[in-house]
Structures are given as structure tokens and as C-alpha cells.
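# Structure for this input, please:
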Amino acid sequence: QVQLVESGGGLVQIGGSLRLACAASGSGFSFDSMAWYRQASGNQRELVAMITRGGSTNYADSVKGRFTISSDNAKNTVYLQMSSLKPEDTAVYYCKTDATRLDRFPLQQFAYWGLGTLVTVTE
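Coordinates of the predicted model:
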């Protein structure tokens with residue numbers, strides 16, 4: 001099975017920076033893409049940023065220019081560097097991967113989620 005372990009959340013002041021990390025593990029899987037989602041209290045979960053194994057990225061308009069997603073394929077780890085943080089960035093941040101199991105045919109891709117890490121931006 002696939003496990004995702006997030007780290008790096010916490011309390012930060014407005015305008016500050018924080019870096020999240022998510023390490024994926026799972027024997028026999030290819031982690032095709034990894035992404036960060038967030039869910040603020042009372043809101044739906046939304047995509048923040050996504051990166052493919054090939055390095056293509058996609059960002060929500062609300063974080064463009066402030067957040068950067070990157071990955072280390074050798075470590076199956078994705079990072080989210082967050083800068084110029086605003087109170088509206090306060091949320092639980094979830095890591096997600098779309099992974100393909102390589103030892104079973106036909107190949108199928110599944111989505112896996114981490115448990116989330118809380119980011120709180122304060123005045």
C-alpha cells in the first residue's frame with residue numbers, strides 16, 4: 001500500500017514563509033503525480049499545486065507567485081514552499097498522489113491521501 005507522511009505545518013505570521021514536505025512510500029508503485037490540496041474550516045477541499053513526475057506544475061490562481069511546488073523523485077518527496085502567507089491560507093494541507101501499481105495488469109492508477117498538516121497564519 002501507499003503511505004504519505006506530511007510535515008512542516010505550524011503557526012506563522014502574516015507575510016511569513018513555511019515549507020511543507022510529503023514523503024510517499026509504497027513498494028511496486030510509480031508515483032505519477034503529487035499534489036497539495038487544502039481545506040479551510042467550512043470550505044471544500046481545493047487544489048493548491050500539483051507536479052507530475054516529469055516536472056510539469058500547476059497552481060491555483062490564489063497562490064501563484066507565492067507558493068512553489070517541487071519534488072525529489074529519488075526520495076518520492078514533494079515540497080511546498082509557501083511565502084507571503086495570508087490569513088486566507090490558513091487550512092489543513094493535504095498531500096495527494098496518483099500512483100500506478102506496476103506489478104498488476106492491467107495497470108491502474110489510484111489516488112492516495114495523507115492525513116494532513118495544519119497551517120495557521122496569524123497577525
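# So for the chain, the centremost residue is which one?
Trp36 (2.5 Å; C-alpha atoms, centre = their mean).
# Mind pulling up the pLDDT for the residue in the chain sticking out farthest from the centre?
Distance to the chain centre peaks in the chain at Phe105, reaching 28.1 Å (criterion: C-alpha atoms, centre = their mean). On pLDDT, Phe105 comes in at 88.
# State the helix or strand in which it lies.
For Phe105, there is no host helix or strand (DSSP states H and E).
# could you measure it against Ala99, distance?
16 Å (C-beta to C-beta, to the nearest Å). (Each C-beta comes from the backbone N, C-alpha and C, glycine too.)
# and if you look at Ala60?
Taken as C-beta to C-beta, the span from Ala60 to Ala99 is 22 Å.
# ok, those two, which is more surrounded?
Neighbour totals were compared for Ala60 and Ala99, and Ala99 leads with 24 against 15 (other C-beta atoms under 10 Å).
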